[in-house]
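[1] need coordinates for the below:
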Amino acid sequence: MRARLGSTLLVLSVLALAGCSSSAAPDAADTMPTADSVPEGACAYVEAAGGVRDATAPPAEAEVSGEVAAVLQTSVGDIPMTLDADRTPCTVGSFVSLAEQGYYDDSPCHRLTTSGIFVLQCGDPSGTGRGGPGYRYGDELDGSETYPAGTVAMANAGADTNGSQFFLVYEDTPLPPSYTVFGQLDEAGLAVVREVAAAGAEGGAPDGAPATAVTITGISLG
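    Numbers count the residues shown, from 1 in each chain. You can find the predicted model right below:
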């Protein structure tokens, strides 16, 4: 399944998210609630196909708040960012939880786009663009979302299908407000992503694996 990230200049199937992997979902999914059973205002993390690594969903009640400093430690250098847990508590809660569990460790950033939209996509340990953590959760959108350079946002395969995949915007990108914005790169992090983008995608394609391989080796928080 390919996600719906795109523009008038590029096919709408640029980003991918969990939902099509044949791998078994994490054991924790067996006890996950349904979306209807979660109290209003809480985060509904519900079972989804595509689990590529064991991962436990965070609690329904958000445990993070305010600004959260995070650094993607990668094979091409550190990518610092600031996450907004007040605006997107469920998204940041999931990201922080997965980072603390080591879910993202030794996983590739599998897709780079260099025409129409300008993003580096990461967060699927399988590197296929179809993997996720074995759960999904809803969008956190207010309709005002834009995607200038430095934006950190969630990839999805349709409404309310967020999992583990996210994208880093390295140049201003025209997109509909359909992708949860949960953080911002700092200047040093943006510079690292732009250096990767400058080398292009494999084979000179406008959309594909980055020619400069990028592996997340870990994520530090705080």
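[2] point to the residue nearest the middle of this protein.
    Centroid-nearest residue in the chain, with Cα atoms, centre = their mean: residue 166, separated by 1.6 Å.
[3] that one reaches residue 132, doesn't it?
    No - under the criterion of Cβ atoms under 8 Å, residue 166 makes no contact with residue 132, lying 11.3 Å away. All C-beta atoms are positioned from the backbone trio N, CA, C, and that covers glycine.
[4] strands of this protein, start to end?
    Ranges of strands in the chain, per DSSP state E, are 46-47, 67-74, 77-84, 107-108, 111-113, 119-122, 135-136, 151-154, 166-169, 181-185, 207-208, 215-221.
[5] show me what the first one is packed against.
    Right, the one you point to is strand 46-47. Judged by 3 or more Cβ pairs under 8 Å, 6 or more residues apart in numbering; DSSP states H and E, strand 46-47 is in contact with strand 135-136.
[6] how distant is the strand it packs on from the center of its chain?
    13 Å (Cα atoms, centre = their mean, to the nearest Å).
[7] for residue 201, give the beta-bridge partners.
    Bridge pairing for residue 201 (DSSP bridges) gives the partners residue 210.
[8] count of residues packed around it?
    By other Cβ atoms under 10 Å, 20 other residues sit near residue 201.
[9] for the one 5 residues further on, same thing?
    When counting by other Cβ under 10 Å, one arrives at 15 neighbours for residue 206.
[10] got a list of what it touches?
    By Cβ atoms under 8 Å, 6 or more residues apart in numbering, the contact set of residue 206 is 10, 113-116.
[11] for the protein, which segments count as helices?
    89-100, 187-198 (DSSP state H).
[12] okay, angle between the first one and strand 181-185 too, please.
    Yep, that's helix 89-100 we're talking about. Computed with axes from the mean of the first three to the mean of the last three Cα atoms, to 10 degrees, the direction of helix 89-100 lies at 60 degrees from that of strand 181-185.
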